[in-house]
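Visitor: need coordinates for the following:
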Amino acid sequence: MPLNPRMAFYPGTFDPVTYGHMDIIARAARLFDKLVVGVGVNGGKQPLLTRAERLVLLRQEVSKLPEAPRITVVEFDTLLVDAVRSVGAGAVVRGLRSAGDFDFECQISGVMRRLAPEIEMVLLLSADEHRATASRIVKEIAGLGGDISSFVSEEVARVVLSKSCREAT
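Guide: Model prediction:
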């Protein structure tokens, strides 16, 4: 399948999907004709939400965006380059919150260049109000009974809090 340079792939675990993720999704959808959001497996992370729950919540959140008709949410459990090629995207979008993210994404970009030089890597800086937002932190706050409403939507908060309460008992 030939790659479309006007189509991008935004990968993540989205455990849970945050306002920071949604900001990157909306901005990337304005830059590209089509955006595929890939919910993947990360062996280094232990997700709170099942992949099915993450897909449902992400699709609900994406449906609220004006750009929704140009966004597709898929799951993948392959190498990122294989997932990108399978949908025909010519670019990978990643969000940057900090210098640490930049260092990590530079490494990923180097690997991507070796495995798939035809796929471009596009890095978007997080909006100021989302720089401190990380799914891991949202889960920690929820697990301790804190208010996560400034990080995630009401529906996402309901699901995360219900799961966090069950795991805490």
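
Visitor: tell me what the helix or strand harbouring Leu58 is packed against?
Guide: Leu58 is located in helix 51-63, with elements delineated by DSSP states H and E. Applying 3 or more CB pairs under 8 Å, 6 or more residues apart in numbering; DSSP states H and E, one finds that helix 51-63 makes contact with helix 19-31, strand 34-40, strand 71-76, helix 154-168. Where you see a C-beta, it was placed from the backbone N, CA and C, and this is true even at glycine.

Visitor: could you give the angle of that helix to strand 71-76?
Guide: 170 degrees (axes from the mean of the first three to the mean of the last three CA atoms, to 10 degrees).

Visitor: residues in contact with helix 51-63?
Guide: With CB atoms under 8 Å, 6 or more residues apart in numbering as the test, helix 51-63 has contacts from 13-17, 22, 25, 37, 39, 41, 47, 49, 68, 71, 73, 75, 153, 155-156, 159.

Visitor: and Leu49, how far is that from Ser164?
Guide: 10 Å (CB to CB, to the nearest Å).

Visitor: before we move on, the earlier item: with just CA atoms, put the helix holding Leu58 into PDB.
Guide: Extracted in PDB, the C-alpha atoms of helix 51-63 (Å, rounded to 0.1, in the frame of the first residue of the first chain):
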ATOM      1  CA  ARG A  51      -8.000  -2.000  25.600                       C
ATOM      2  CA  ALA A  52     -11.700  -2.300  24.800                       C
ATOM      3  CA  GLU A  53     -12.400   0.400  27.400                       C
ATOM      4  CA  ARG A  54      -9.700   2.700  26.000                       C
ATOM      5  CA  LEU A  55     -11.100   2.300  22.500                       C
ATOM      6  CA  VAL A  56     -14.600   3.100  23.600                       C
ATOM      7  CA  LEU A  57     -13.600   6.100  25.600                       C
ATOM      8  CA  LEU A  58     -11.300   7.400  22.900                       C
ATOM      9  CA  ARG A  59     -14.000   7.100  20.200                       C
ATOM     10  CA  GLN A  60     -16.400   8.900  22.400                       C
ATOM     11  CA  GLU A  61     -14.000  11.800  23.000                       C
ATOM     12  CA  VAL A  62     -13.000  12.000  19.300                       C
ATOM     13  CA  SER A  63     -16.700  12.100  18.300                       C
END
